[in-house]
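J.: Sequence unavailable; structure follows:
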């Protein structure tokens, strides 16, 4: 057996999932597609006593598009979002970034909210959420709250979700076509060495970087060009406090932030 | 312990398994279907790919409980008796395998790719879609050739049916 022993509970209602979660708190984990959590269980990096499966909850398997935002339920698989006909017009940044999330064979199981819950600092979906300024919908027994992306990601694989809270859905602001995404990884589909997203804002640009700091990190800048842009990118690259690891040196990561950043910011400010 | 009921290669299966049992363990250890391989246990290498309700999925990161009631197809379930599936035949004819360890996962992935893309399949698409399958022998060239060859054979066999 690969994972340590646990009790598997297939929730039949949202109420049941929240009740079991309230009972067991930090000893329980929610499982959706399992494409992050199952690897953690197999390596015994995670050893929950109870696993609560939410994938039979039909109410979580929906994409709701309203004016200004798209709400994606916790049961929506990445492949389903990628196949959503409105993706390119409603969430253009996601239509660019999502093909970089894992592979077709993991996107067929993995969910959008599951990747956010896992909060790997080099994952594409958390980066896109921070770049667009989206929010998470959290629910516990008798309580619901929304948490902005920047507050949600609290550290490497750590989030602001309390032990008894379930991520019910995520909302992405929709419609901003002036956006760009680029990633450097050893292989397409691997976790990013550096991933960057740029989004045009009212006054200028928001530029976000994943894979360097412990959490995806964004900066809002006015319309910058020339050496002012270079200086801003250089300052940001150093503030991200890059580290050397087996995949790349800190210096290489800073180089990528500066080079990709210049391209992407120019592209969206054109 | 839990009882799960699913369909594997067209046969109804009922098994009493520990909650932590992975789908690949059910297939290999309980049902003796050892054609599905275990490589990395972390959904990276693709040796364990099977079809769950027609879609390619990594069975090492799928719990049996999650697929209760589902329809599973493994490498053992794709040929018609002695007649190889067109994808298997294309891998044989194009020398699409060497040691063979990745091959069951490659073939199950490749069938899903052809099912999804049909006649629109080109080399770039095949290479991109096979990113979830690692081969350490072939350099992928003959695998891609096999998939493209099979795509045209599968189109013909669908047309013939």
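T.: Okay, I see it. Please read these numbers as outputs of a predicted model, since none were measured by experiment.
J.: Run through the residues that contact the residue in the stretch 151-270 of chain A that chain B sits nearest to.
T.: For the stretch 151-270 of chain A and chain B, the shortest gap (Cβ to the nearest Cβ) falls at residue A:189, measuring 4.3 Å. From N, CA and C alone the C-beta is placed, and that goes for glycine too. Each residue near residue A:189 by Cβ atoms under 8 Å, 6 or more residues apart in numbering or on different chains is listed here: A:100-103, B:131-132.
J.: In contact with the residue in the stretch 1-150 of chain A positioned nearest to chain B, which residues?
T.: At 3.0 Å from chain B, residue A:103 is the closest residue in the stretch 1-150 of chain A, using Cβ to the nearest Cβ. Applying Cβ under 8 Å, 6+ apart, we find residue A:103 in contact with A:189, B:46, B:131-132.
J.: And for residue A:104?
T.: A:79, B:56, B:109, B:112-113, B:129, B:131-132.
J.: Kindly report the same for residue A:165.
T.: So residue A:165 contacts A:21, A:138-140 (Cβ under 8 Å, 6+ apart).
J.: just curious, which of those is nearest to residue A:152?
T.: residue A:138 (8.8 Å; Cβ to Cβ).
J.: In terms of helices and strands, where is that closest one?
T.: strand A:135-140 (DSSP states H and E).
J.: what's near enough to touch the closest residue to residue B:115 other than its chain neighbours?
T.: Using Cβ to Cβ, 6 or more residues apart in numbering or on different chains and skipping residues adjacent in sequence, the residue nearest residue B:115 is residue B:54, 7.2 Å away. Contacts of residue B:54 were listed using Cβ under 8 Å, 6+ apart, and they are B:71, B:73, B:112, B:115.
J.: any chance of the residues you listed in TSV, with pLDDT, neighbour count and secondary structure too?
T.: What follows is these, written out as TSV (pLDDT from 0 to 100; neighbours: other Cβ atoms under 10 Å in any protein chain shown; DSSP: H, G, I helix; E, B strand; the rest coil):
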residue	pLDDT	neighbour count	secondary structure
B:71	98	14	strand
B:73	98	20	strand
B:112	96	21	helix
B:115	94	14	helix
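J.: is it possible to export those to JSON lines including distance to residue A:96?
T.: Below are these laid out as JSON lines (distance: Cβ to Cβ, whole Å):
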{"residue": "B:71", "distance to residue A:96": "34"}
{"residue": "B:73", "distance to residue A:96": "33"}
{"residue": "B:112", "distance to residue A:96": "24"}
{"residue": "B:115", "distance to residue A:96": "26"}
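J.: Just the buried residues of the lengthiest helix in chain A, please?
T.: Counting residues, the longest helix found in chain A (DSSP state H) is helix A:250-269. Buried positions in helix A:250-269, judged by neighbour count with 16 or more other Cβ atoms under 10 Å in any protein chain shown: A:250, A:253-254, A:256-257, A:259-262, A:264-265, A:268-269.
J.: The residues you listed: which ones sit near chain B?
T.: Taking Cβ under 8 Å from any Cβ of the partner chain as the test, chain B is in contact with none of the buried residues of helix A:250-269.
J.: which bits of chain B sit near chain A?
T.: Contact residues (Cβ under 8 Å from any Cβ) of chain B with chain A: B:2, B:18-22, B:25, B:41-43, B:46, B:49, B:55-58, B:60-63, B:65-66, B:68, B:109, B:112-113, B:128-129, B:131-133.
J.: which of those are buried?
T.: B:2, B:19-22, B:25, B:41-43, B:46, B:49, B:55-58, B:60-63, B:65-66, B:68, B:109, B:112-113, B:129, B:131-133.
J.: Among those residues, which ones are in strands?
T.: Members of those lying in strands (criterion: DSSP state E): B:2, B:49, B:55-58.
J.: among those, which one has the lowest pLDDT?
T.: Least confident by pLDDT among those: that is residue B:2, with 89.
J.: Spatially central residue in chain B, please.
T.: Taking Cα atoms, centre = their mean, the centroid of chain B lies closest to residue B:108, which sits 2.2 Å from it.
J.: Before I go, just wanted to say thanks for your time.
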